[in-house]
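[1] coordinates only, sequence not included:
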C-alpha cells in the first residue's frame, strides 16, 4: 500500500477502533482503486465481491427500477465502509454504488471479510454496531419521508450537517444538489424552491456554500413528532455526530 493510502487508512474508523494488527491482516495486499466522479463501483443485482472502504471521496448508493428511473438511498464519505450487508449475507447488492466525487477506495475481498468476522471478535462487534446505527438512520429517513414536508426535510438535513448546534453556521454541502434532492425524496426543482422558502429562516445558499443565521431557529422549524420518536431522534442525532466527517 502506498504511503498516502496508509495515511488515509489510519484516519478511518475501522483503524481507530480496532487493534492495528487486525486491520493490517484484513487489508494486506488489498487493492486501492482510484475512481473519477460518476464511476460505477457496484451494480444492483450483482454478487458481492468486495467490502468497500472509502479512503477519500464520496459514494452514493442508488436504487434503480427496470424502466431506468433511479434515486439516491444514502451517501457515504471519507473513512466509511459500505455494502457490507450484502457481503455478510452473501446476497446480491440491493443498490448501485456510484461516486459523486473523485474517490480512492480500498477493496476487501468478501470471503476474507467474512472469515475475519468469524475469528476477530472486535471486528464483529464493530460491524454489529455500525449496521445497527445505519438501520436506525434508515428508519429515521423513512419517517421523515412519510411524516414531514419538503421544507422540514431540508431544514433537518441542513441542521444535521451544520458544524454547530446553535448560532450562525457556514459550511459547504458534501453532495451536489441533484444528489441531495434525490436523497430527500424531491425533484431538483422542488429543492431549489424549498431553498428559496427557507430564506425567511435565515438561510443563504450559493452553490454548495450554505450560510445559516441561527441554527436553533432552523431546528425549530422541524415539526415535533410523538414523544417516543422525539427521544429516538435525539439518539439518532448523537449517532450522526459520531459519523465520519463528510463536509469540507
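    Yes, it's here. This is a predicted model, so every value here is computed, not measured.
[2] low-confidence ranges in the chain?
    Per-residue confidence of the chain (counting by pLDDT under 70) places the weak regions at 223-248.
[3] could you redo the last one with a cut-off of 50?
    With pLDDT under 50 as the threshold, the chain has low-confidence stretches at 226-232, 236, 239-240, 243-248.
[4] max-length helix in it?
    Using DSSP state H, we find that the single longest helix of the chain is helix 121-147.
[5] and that helix, what does it pack against?
    Applying 3 or more CB pairs under 8 Å, 6 or more residues apart in numbering; DSSP states H and E, we find helix 121-147 packed against helix 13-17, helix 20-27, strand 70-76, helix 84-89, helix 110-119, helix 150-161, helix 227-242. Using the backbone N, CA and C atoms, a C-beta is placed for each residue, glycine as well.
[6] so which of the ones you listed is nearest residue 60?
    Between residue 60 and the helices and strands packed on helix 121-147, the tightest spacing by CB to CB is seen for strand 70-76, at 4.9 Å.
[7] tell me which helix or strand comes right after the closest one.
    Along the chain past strand 70-76, the next helix or strand (assigned with DSSP states H and E) turns out to be strand 81-82.
[8] in its sheet, what does that next one sit against?
    For strand 81-82, the paired strands and their directions (DSSP bridges) read strand 50-64 (antiparallel).
[9] measure how far the strand it pairs with is from the centre of its chain, please.
    With CA atoms, centre = their mean, to the nearest Å as the basis, strand 50-64 stands 9 Å off its chain's centre.
[10] all further residue positions should be reported with the first residue as 134.
    With 134 as the first residue, the last one maps to strand 183-197.
[11] give me the buried positions along that strand.
    When burial is assessed from 16 or more other CB atoms under 10 Å, strand 183-197 yields the following buried residues: 183-195.
[12] could you check how far the residue in the chain sticking out farthest from the centre is from residue 224?
    For the chain, the residue at maximal distance from the C-alpha centroid (CA atoms, centre = their mean) is residue 333, at 28.7 Å. Separation of residue 333 from residue 224 (CB to CB, to the nearest Å) stands at 47 Å.
[13] try residue 185
    Computed with CB to CB, the distance linking residue 185 and residue 224 is 16 Å.
[14] and what of residue 345?
    Going from residue 345 to residue 224 by CB to CB gives 41 Å.
[15] so between those two, which is more surrounded?
    For residue 345 against residue 224, the residue with the higher neighbour count under other CB atoms under 10 Å is residue 345, and the figures read 25 against 11.
[16] what is the burial count for residue 135?
    A count of neighbours around residue 135, defined by other CB under 10 Å, yields 9.
[17] that one touches residue 167, doesn't it?
    No - checked against CB atoms under 8 Å, the pair residue 135 and residue 167 is beyond contact range at 10.7 Å.
[18] ok, and what's touching stretch 314-321?
    For stretch 314-321, contacts defined as CB atoms under 8 Å, 6 or more residues apart in numbering pick out 193, 195, 203-208, 278, 283, 286-287, 290, 308, 310-311, 323-324, 327.
[19] hang on, residue 278 packs against residue 286?
    Yes - under the criterion of CB under 8 Å, residue 278 makes contact with residue 286 at 7.4 Å.
[20] which one of these two has more residues nearby?
    residue 286 (21 against 12).
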